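Enquirer: The following block contains a protein sequence and its predicted model.
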Amino acid sequence: MREDFPILDQNVHGHPLVYFDNAATTQKPRAVVEALRSYYEHDNANVHRGLHELSSRATEAYEAARARVAQYLGATSADEIVFTRGTTESINLVAQAWGGKFVRAGDVILLTEMEHHSNLVPWQILAERIGARLRFVPVRDDGTLGLERLDQLLTPEVKLFAFTHVSNSLGTINPVAELCAKARAVGAVTLVDAAQSAGHMPVNVVELGCDFLAFSGHKMCAPTGSGALYGRAEILDATPPWHGGGEMIVSVTLEKSSFKKPPHRFEAGTPNIAGAIGLAAAIDYLEGIGRSAIAEHDAQLTSYALDHFADLPGMRIPGPSGERGAILGFVMEGVHPHDLTTFADQRGLALRGGHHCNQPLMRRFGLPGTTRASFYFYNTTAEIDRMIDILREAVRFFA
Ligand SMILES: Cc1ncc(COP(=O)(O)O)c(C=O)c1O
């Protein structure tokens with residue numbers, strides 16, 4: 001499988017590359033690069049507007065990609081899939097278009113303390129504009145959600161409950177189906193941030209029972225700038241347009257316009273056609289491996305890494321000690337995460353250092369940030385051994 005990822009086979013600063021920054025973005029297999037190349041070499045044209053062969057082919061491939069995403073997420077219809085630039089844009093779409101219509105002054109938007117800034121800042125902007133209130137499910141010391149507080153927080157004033165499936169800093173896997181069921185019981189709409197789960201484990205929107213789900217293609221082998229929003233048909237139908245422009249209208253006069261049905265209502269302008277085609281190719285590739293197999297490999301690597309971290313002195317690893325996603329944030333006593341990450345980079349090990357767009361969560365744990373290792377199916381235990389050797393060397397160096 002590693003042969004599908006030529007980028008992994010290189011030296012960085014004179015050492016074999018170990019790429020453990022998969023939570024930031026994953027590498028792309030040849031099949032995805034080839035799908036982009038083939039599209040641009042044979043079929044490139046604008047979609048939905050051309051009465052010529054290339055435009056028909058591009059449109060067909062673009063809409064087939066939508067159907068592929070729908071199937072991948074278990075959506076009932078391709079019309080429930082809106083192509084976006086990724087998780088951030090998907091959440092902003094919901095906050096501005098759905099939230100702008102359905103959230104009123106005094107309503108509550110329930111989030112959690114572990115949200116990525118992408119699932120926090122759009123709600124802050126909306127709340128400020130409308131006069132709504134934000135509430136947060138706390139995070140326990142072990143990195144799991146304080147579910148014992150849920151009954152108190154999830155009251156009928158809650159219009160929307162938005163939360164992440166997998167924490168990008170702690171690796172916590174949240175009980176999405178349970179949270180959605182509880183939200184539904186009080187009439188709240190749910191949004192799941194699946195940025196860290198869509199490419200790592202089976203994700204089925206009907207089984208999860210969510211109303212919206214957002215994900216990014218680039219975190220699951222697809223090109224940057226690709227991704228989608230799933231919205232339950234009934235809710236998308238009721239949501240007004242977001243961006244205005246070409247492609248999303250039925251008719252336009254100088255004074256007024258009427259709009260298409262979802263999903264095209266939410267896709268103004270020329271979309272990322274190649275990105276959608278690349279995303280479908282990535283889905284084909286991931287399904288060829290199997291999402292359960294990916295999840296199993298993630299779990300094996302993570303537990304192997306946790307076992308070996310135990311041998312390193314002065315290391316703190318916030319997050320659950322049991323089941324977690326393939327994400328390990330750690331702090332070496334007395335060493336700033338940026339220094340440790342730079343030390344690793346000099347030895348060919350790509351980690352990520354900082355707050356990971358989780359500033360409130362870092363504050364919650366009293367940390368300036370962490371150094372994060374995040375794995376994917378192409379990573380190996382031998383690479384984890386290499387990381388542990390480098391970290392052992394770092395312990396000596398920084399002492
Ligand atoms: C949990 C989570 N949500 C949202 C995002 C934002 O994703 P993107 O930058 O692809 O929009 C990320 C990216 O790191 C993430 O990890």
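Expert: That came in fine, so what should we check first?
Enquirer: would you list every one of the strands in the stretch 51-200 of the chain?
Expert: For the stretch 51-200 of the chain, the strands defined by DSSP state E, counting those that start in this stretch cover 81-83, 108-112, 133-137, 158-164, 189-193.
Enquirer: tilt between the second one and strand 158-164?
Expert: Put plainly, it is strand 108-112. 20 degrees (axes from the mean of the first three to the mean of the last three Cα atoms, to 10 degrees).
Enquirer: Kindly calculate the angle that strand 108-112 makes with strand 189-193.
Expert: Relative orientation of strand 108-112 and strand 189-193, computed by the same axes, to 10 degrees: 30 degrees.
Enquirer: how about strand 108-112, does it reach the ligand?
Expert: No. Strand 108-112 stays out of contact with the ligand when judged by Cβ under 6 Å from any ligand atom, the minimum separation being 11.1 Å. Backbone N, C-alpha and C define where each C-beta goes, glycine included.
Enquirer: tell me what that strand is packed against?
Expert: With contacts taken as 3 or more Cβ pairs under 8 Å, 6 or more residues apart in numbering; DSSP states H and E, strand 108-112 sits against helix 121-130, strand 133-137, strand 158-164.
Enquirer: Next, the angle strand 133-137 makes with it.
Expert: Using the same axes, to 10 degrees, the direction of strand 108-112 lies 30 degrees away from that of strand 133-137.
Enquirer: now the strands of the stretch 51-200 of the chain in JSON lines, with mean neighbour count and mean pLDDT?
Expert: Listed next are these as JSON lines, based on neighbours: other Cβ atoms under 10 Å; pLDDT from 0 to 100:
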{"stretch": "strand 81-83", "mean neighbour count": "27", "mean pLDDT": "98"}
{"stretch": "strand 108-112", "mean neighbour count": "24", "mean pLDDT": "98"}
{"stretch": "strand 133-137", "mean neighbour count": "17", "mean pLDDT": "98"}
{"stretch": "strand 158-164", "mean neighbour count": "25", "mean pLDDT": "98"}
{"stretch": "strand 189-193", "mean neighbour count": "27", "mean pLDDT": "98"}
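Enquirer: How many neighbouring residues does whichever residue of the stretch 201-350 of the chain sits closest to the ligand have?
Expert: Closest contact between the stretch 201-350 of the chain and the ligand, by Cβ to the nearest ligand atom, is at Ser216 (3.3 Å). Per other Cβ atoms under 10 Å, the neighbour tally for Ser216 reads 29.
Enquirer: Nearest residue to it in space, ignoring adjacent ones along the chain?
Expert: Spatial nearest neighbour of Ser216, excluding adjacent residues (Cβ to Cβ, 6 or more residues apart in numbering): Gly86 at 3.5 Å.
Enquirer: what about that neighbour, how many residues close to it?
Expert: 24.
Enquirer: Could you pull up the residues touching it?
Expert: 195, 214-218, 224-227 (Cβ atoms under 8 Å, 6 or more residues apart in numbering).
Enquirer: Could you rerun that using 7 Å?
Expert: 216-218, 227 (Cβ atoms under 7 Å, 6 or more residues apart in numbering).
Enquirer: all helices of the stretch 1-150 of the chain, in order?
Expert: Remark: helices assigned in the stretch 1-150 of the chain by DSSP state H, counting those that start in this stretch are 30-38, 53-73, 87-93, 99-102, 121-130, 150-153.
Enquirer: Can I get the last one as CSV, trimmed to CA atoms?
Expert: The one in question is helix 150-153. The C-alpha trace of helix 150-153 is given here as CSV (Å, rounded to 0.1, in the frame of the first residue of the first chain):
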residue,chain,number,x,y,z
LEU,A,150,-26.1,16.8,29.5
ASP,A,151,-29.6,16.6,31.0
GLN,A,152,-29.0,20.0,32.6
LEU,A,153,-27.5,21.6,29.4
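Enquirer: helices or strands next to that helix in the packing?
Expert: With contacts defined as 3 or more Cβ pairs under 7 Å, 6 or more residues apart in numbering; DSSP states H and E, helix 150-153 has these neighbours: strand 133-137.
Enquirer: likewise the second one?
Expert: Contact here means 3+ Cβ pairs under 7 Å, 6+ apart; on that basis helix 53-73 packs against strand 81-83, helix 273-289.
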